[in-house]
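Student: Have a look at this fold, sequence not included:
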């Protein structure tokens, strides 16, 4: 008999650091040539099958713009995990990843 687990995950980070690309690569195993900025929050689903285990993931792709912060915060409390994304060529995005982590910690 299989055990079924469901998880909500959230990807956080500044705009244009590659959150949507990372998610597309993980779920569809491809990188789209063109990706538009995420408006608010979008999600993709992925099911992982292992012997005796099925894991259903709902992964929320969040917008990095400040104007969407209130929308994004509602997903913090409903998620079992978070991934912080930053651009290794952009020091500010790394510093802001620390701020994203602090904000996440404040809301959970």
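Tutor: Nice, thanks for sending it over. As the structure is a prediction and not an experimental result, all values here were calculated from the model.

Student: What is the end-to-end distance of stretch 77-91?
Tutor: End-to-end distance for stretch 77-91, by CA to CA, to the nearest Å: 28 Å.

Student: now stretch 13-30
Tutor: For stretch 13-30, the end-to-end distance is 21 Å (CA to CA).

Student: Now do that stretch, average pLDDT.
Tutor: Mean pLDDT, stretch 13-30: 89.

Student: which parts of it are buried?
Tutor: For stretch 13-30, the neighbour count (16 or more other CB atoms under 10 Å) marks 13, 14, 17, 18, 19, 20, 21, 22, 23, 24 as buried. Every C-beta, even on glycine, is put in place using the N, C-alpha and C of the backbone.

Student: ok, the closest residue to the fourth one other than its chain neighbours to residue 49 distance?
Tutor: Read that as residue 18. Excluding the flanking residues, the one nearest residue 18 by CB to CB, 6 or more residues apart in numbering is residue 85, at 6.1 Å. Going from residue 85 to residue 49 by CB to CB, to the nearest Å gives 26 Å.

Student: what residue ranges in this structure score low on pLDDT?
Tutor: Within the chain, the segments meeting pLDDT under 70 span 1, 36-40, 64-76, 107-108.

Student: quick one: which of the buried residues of stretch 13-30 is nearest to residue 62?
Tutor: Using CB to CB, residue 19 comes nearest to residue 62 of the buried residues of stretch 13-30, at 6.9 Å.

Student: Kindly list the main-chain dihedrals of that closest one?
Tutor: Note on residue 19: its backbone torsions stand at phi -60, psi -50 [degrees, to the nearest 10].
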